[in-house]
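>>> model the structure of this input:
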Amino acid sequence: MRYAWLCHPVTVTGVLVLLINDHLLKHTWPGFVTGKLSDVAGLVVAPALLALLLRRRADLAAILATGVAFALVKTTETGAELASQAWTFVAGPSRVLADPTDLLALPALALAWWVRARSLSRPSSSRWRIIVTMPLALLAVTATSSATPPYSAESVEVDSGGRISVPTYGRTTWISDDGGLSWSEITGDNHPRPAQSAQCVPGQATRCYRITAGRLGVEQSDDGGRTWRPSWEVTGDALERVTRQYGGQAPDLRSRALAVQARPGGHVVVVANGVDGLAIRDTSGTWRRIGWPGLRTAEVDTGPEWGVALFLAACVLFGGVGAGLRRYTRAYTGSAVAACLGLLLLLNGWPTPSDDISLPLRVLGFLAVLTGGVICVVLAVGRTRPVATAVGVLGAPLVYGSVYLPFAGWAEGTPESYSVAVAIASLLTAIVVLTSAALIRHDTRRPKPFPDE
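Numbers count the residues shown, from 1 in each chain. Below is the predicted model of the structure:
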């Protein structure tokens, strides 16, 4: 009966809405309608999936758990953060935002309960419906979302009272009364003065600072501006991380303005870095890139590495299962190749409003993954060697983790070097793939426990 709930036409419609809206429409026409449509469809589908993990007659618990989890994620920063971490591991760099207006979708749980009641009188779903619906539902609920702070620091001002102000586009200004040690955010009309790109330390005309043109950096002069040397800049792996944080805004990543303030024990320098927020030199001479005080910075985009991990995991899954197939090997291989090639199109064809060609390519890739995957599942069920199937099913997530996790660590600064992350990922992946191949080869050399069909 629980499978009948998942395979009910309304639930299946919700799955299709999630797939089309989250993986296609949201990227082409982002906005209120596509955002809320995903919430409604997700609340219809999620209880049916969750009920599969619970004991029979726990359907009410599945619906209540879905509603409570949804409310916590949408109304608390802790819930949104936990959801972000979970989705990042499952579906690549993701950001789930707390948005209380999404609670408008909660009445969709009533529709889920109605569907559950209707499914009680339906006969058990056939195996092919379950096989098709289950992976589609899991794929549908793994859409991602991201966001960056809606600020851009364009100037820095120090008033006669020693207050440091950083006006941003819009009605937000960041204020510090202690030389940049702490910051507060105020809203209201701001009228920033023209950006100041260079300044000498008050009372110390020989020490001067200026922003580095076209880069995230500051230069320093100790002879009143006659010669300059780098004082702080973002380079190498740190620059790669920053560039990936802001994606399409990366070409505009540069320092905009600075201000120097004399403080007891030395001086401080505050730098406005556009969308990247602030950088500060304290009185000890230490530079810190602090971004937006108190706000979570944008996620480092490890999308390309996530795509490679997902593609290799799919190859291991299809390859492992196919290696133990006793019949229909040609049809299975062709379908598996089509599914993997379709996955490549999906991973490399994310559409944007100005990219009309990638949308049909992505639709084609989606159809190839769907068709090829379903055919492979139908052909494989009941016809594969258990060991080969187990190797494929277990090896796929191991390959995914061995490829993706080193780069996820690099995005957080450990390891520091991208080349080290590449070496770690390559070594771990090679171990998993070679071990999987050895296990399958050993199994195929054993006598078959059953005759060919």
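
>>> packing partners of the strand or helix carrying Ala65?
Per DSSP states H and E: Ala65 is located in helix 59-75. Contacts defined by 3 or more Cβ pairs under 8 Å, 6 or more residues apart in numbering; DSSP states H and E place helix 59-75 against helix 32-51, helix 77-91, helix 108-119. Any C-beta I mention is one placed from the backbone N, CA and C, and that applies to glycine too.

>>> what angle do it and helix 108-119 make?
Calculated by axes from the mean of the first three to the mean of the last three Cα atoms, to 10 degrees, helix 59-75 forms an angle of 160 degrees with helix 108-119.

>>> so what's Val308 closest to, chain neighbours aside?
Of all residues beyond its chain neighbours, the one nearest Val308 is Val403 (5.9 Å), with distances taken as Cβ to Cβ, 6 or more residues apart in numbering.

>>> what secondary structure does the one you found sit in?
helix (DSSP: H, G, I helix; E, B strand; the rest coil).

>>> helices of the stretch 301-450 of the chain, start to end?
All helices of the stretch 301-450 of the chain, identified by DSSP state H, counting those that start in this stretch, fall at 303-323, 329-348, 358-380, 386-411, 418-444.

>>> now do the stretch 101-250 of the chain
Counting by DSSP H, counting those that start in this stretch, the helices of the stretch 101-250 of the chain are 108-119, 127-140, 236-246.

>>> least reliable of those helices going by mean pLDDT?
Comparing mean pLDDT across the helices of the stretch 101-250 of the chain, the weakest is helix 127-140, with a mean of 56.

>>> for the residue nearest to Thr283 when sequence neighbours are not counted, grab phi and psi.
Leaving aside its chain neighbours, Thr283 sits nearest to Gly266 (3.5 Å; criterion: Cβ to Cβ, 6+ apart). Main-chain torsions, Gly266, degrees, to the nearest 10: phi 150, psi -140.

>>> return the residues in contact with Phe311.
The contact partners of Phe311, by Cβ atoms under 8 Å, 6 or more residues apart in numbering, come to Cys340, Leu343, Leu344, Leu347.

>>> looking at the residues you listed, spot the one nearest Leu103.
Leu347 (33.1 Å; Cβ to Cβ).

>>> contact partners for that closest one?
Each residue near Leu347 by Cβ under 8 Å, 6+ apart is listed here: Gly307, Leu310, Phe311.

>>> that one and Thr333, how far apart?
Separation of Leu347 from Thr333 (Cβ to Cβ, to the nearest Å): 21 Å.

>>> one more: Gly67?
44 Å.

>>> which of these two has more neighbours?
Between Gly67 and Thr333, counted using other Cβ atoms under 10 Å, Gly67 has the larger neighbour count: 18 against 15.
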